[in-house]
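> generate coordinates for the sequence data below:
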Amino acid sequence: MPTYNMEMVLEWARVFPENADMGNPDGPRAAQAIHKKGGQYAVNAYFTDEAQIDKLLSEGLDPSPMNSQRILEGNSEYGIGKFMKMKRQVIDDIKEFEGKGGTQVVNYGGPITVLNLTNGIENKRDWNLEEDGLIGNGSKAIVQFQTYANGAGVRVMGIAVTDHVAYESNSGGNDGPYRNLFSKEEAA
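This next block holds a predicted model:
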């Protein structure tokens, strides 16, 4: 399983237990599957250079696993506007393999390592959600990920934030002067 470390721009970083995608047992089929597996960490990781994509493809990344595009067009303000959605199961997914070197144990799930490099690599520390906050769209980071299953799968391993953009909550469009425009109480 090749491991990569790439400078990328983040969008929808749900990489902490507090904001992981836990799915929905009553939602659409995909949301039910996520819920059944115990949730997932997920992030849209935007490439910063076309050479990154070329490298992955030349080293075996499947560009269309199960007939869906791996590299997607997204927000042109982030990197080069192309991204990969990277995921990792919230719960531990431990597998044992017997090989020439004996038994190998690999955990394919569990927490993502999130580091704070905003004050330089010499001041590297673990991300503190309480002090540092959630990771907002447009944050820059070094993303560590693996490809597996002959390039069909991509799994995020770690994120080292180099330039943090504060997370801004999306309130679903209820802010602003029209908040109560259609409220029965306000109309009377």
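> from the centroid of the protein, which residue is nearest?
Nearest to the geometric centre of the chain sits residue 43, at 1.7 Å (C-alpha atoms, centre = their mean).
> what helix or strand is that residue on?
Assigning secondary structure by DSSP states H and E places residue 43 in strand 40-47.
> now that strand: average pLDDT?
Taken as a whole, strand 40-47 has an average pLDDT of 96.
> rewinding a little: my guess is the residue nearest to the centre of the chain meets residue 14, correct?
Yes. Residue 43 is within contact range of residue 14, at 6.8 Å (criterion: C-beta atoms under 8 Å). Any C-beta I mention is one placed from the backbone N, CA and C, and that applies to glycine too.
> per-residue confidence for residue 28?
For residue 28, pLDDT reads 93.
> picking that back up, next, count neighbours for the closest residue to the residue nearest to the centre of the chain other than its chain neighbours.
Of all residues not flanking residue 43 in the chain, residue 13 sits nearest, at 4.6 Å (C-beta to C-beta, 6 or more residues apart in numbering). Close neighbours of residue 13, defined as other C-beta atoms under 10 Å, add up to 26.
> same question for residue 52.
Residue 52 has 21 neighbours, counted by other C-beta under 10 Å.
> who's in contact with residue 140?
Going by C-beta atoms under 8 Å, 6 or more residues apart in numbering, residue 140 touches 7-10, 161-163.
> now render those as JSON lines, adding neighbour count, pLDDT and secondary structure.
Below are those laid out as JSON lines (neighbours: other C-beta atoms under 10 Å; pLDDT from 0 to 100; DSSP: H, G, I helix; E, B strand; the rest coil):
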{"residue": "7", "neighbour count": "15", "pLDDT": "98", "secondary structure": "strand"}
{"residue": "8", "neighbour count": "26", "pLDDT": "98", "secondary structure": "strand"}
{"residue": "9", "neighbour count": "25", "pLDDT": "98", "secondary structure": "strand"}
{"residue": "10", "neighbour count": "27", "pLDDT": "98", "secondary structure": "strand"}
{"residue": "161", "neighbour count": "22", "pLDDT": "98", "secondary structure": "strand"}
{"residue": "162", "neighbour count": "17", "pLDDT": "98", "secondary structure": "strand"}
{"residue": "163", "neighbour count": "12", "pLDDT": "97", "secondary structure": "strand"}
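> kindly indicate which of those residues lies nearest residue 145.
Comparing these against residue 145 with C-beta to C-beta places residue 8 closest, at 9.3 Å.
> name the residues linked to that closest one by a beta bridge.
Counting by DSSP bridges, residue 8 is bridged to residue 47, residue 141.
> separation between it and residue 84?
From residue 8 across to residue 84, the span is 9 Å (C-beta to C-beta, to the nearest Å).
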